[in-house]
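Colleague: Predicted coordinates and the sequence they were generated for:
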Amino acid sequence: VPKVGVLALQGAYREHAARLRGLGAPVREVRLPGDLDGLAGLVLPGGESTTMVRLMNEYALWAPLRDFHARGGALWGTCAGAILLAAEVTGASPAAPAQPSLGLLDVTVQRNAFGRQLESFTTPLEVAGLDVPFPAVFIRAPVITRAAPDVEVLARHGDHAVLARQGRVLASSFHPELTPDARLHELFLGMLG
Ligand code: GLN
């Protein structure tokens, strides 16, 4: 079974690691560039993307993460992690400052897209390829407002894409590690080359 990393700078990385281990995958927490050696895939968890950006600067992770992708590694970003993967990030308001991102998924992501009224909620989500809806937990979640033609949109909530895949890169607006449903973790393990 290929080894999977979980970016362990901040956020819900322990929950992802526990779920992946439960599915039989060997897991390593990734904090430094060298931690990526020998991994087939990497999960970027939910949390606070601005904090993760700061720590990625501090640990000089930007180029190593892009190299990891270029060498054939699979990546899955959930919530804040999806924001980190996007080609373009916009704020909830046009006045919000621009935020750097890895640019490994050709989408535009809008942060905190559901506003204060709906900061967090759970909803059954129809997902392409799954026969029963997935219980999706959204917490101050982003949405995908633009997707390049070769990005496969696997689920939508209202007007916006919330689960998308482009080659070896998967992104979800919601938190699959916070529900007992393991189907999206299984999907990701199936993407490891
Ligand atoms: N709102 C957070 C951000 O912009 C993401 C929230 C989450 O990961 N649950 O980074």
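Modeller: Received, thanks.
Colleague: dump the residue contacts of residue 56.
Modeller: 9, 62, 65, 84 (Cβ atoms under 8 Å, 6 or more residues apart in numbering). Glycine gets a C-beta too; all of them are placed from N, C-alpha and C.
Colleague: average model confidence for the host helix or strand of it?
Modeller: Using DSSP states H and E, the element containing residue 56 is helix 49-58. Averaging pLDDT along helix 49-58 gives 97.
Colleague: does it come close to the ligand?
Modeller: Yes: for helix 49-58, a contact with the ligand is found by Cβ under 6 Å from any ligand atom, at residue 49.
Colleague: I'd like the next helix or strand past that helix.
Modeller: helix 62-70.
Colleague: what's the angle between that next one and helix 49-58?
Modeller: Relative orientation of helix 62-70 versus helix 49-58 (axes from the mean of the first three to the mean of the last three Cα atoms, to 10 degrees): 100 degrees.
Colleague: quick one, what contacts the nearest residue to residue 36 once chain neighbours are set aside?
Modeller: Leaving aside its chain neighbours, residue 36 sits nearest to residue 68 (5.0 Å; criterion: Cβ to Cβ, 6 or more residues apart in numbering). Residues near residue 68 by Cβ under 8 Å, 6+ apart: 36, 39, 42, 75.
Colleague: Spell out which residues of the chain are next to the ligand.
Modeller: 46-49, 79-80, 83, 111-112, 139-140.
Colleague: Drop anything exposed from those residues.
Modeller: Buried by 16 or more other Cβ atoms under 10 Å: 46-47, 49, 79-80, 83, 111-112, 139-140, out of the residues of the chain next to the ligand.
Colleague: Any chance of JSON lines for the residues of the chain next to the ligand, columns secondary structure?
Modeller: Converted to JSON lines, the residues of the chain next to the ligand look like this (DSSP: H, G, I helix; E, B strand; the rest coil):
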{"residue": "46", "secondary structure": "coil"}
{"residue": "47", "secondary structure": "coil"}
{"residue": "48", "secondary structure": "coil"}
{"residue": "49", "secondary structure": "helix"}
{"residue": "79", "secondary structure": "coil"}
{"residue": "80", "secondary structure": "helix"}
{"residue": "83", "secondary structure": "helix"}
{"residue": "111", "secondary structure": "coil"}
{"residue": "112", "secondary structure": "coil"}
{"residue": "139", "secondary structure": "strand"}
{"residue": "140", "secondary structure": "coil"}
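Colleague: Much appreciated, bye for now.
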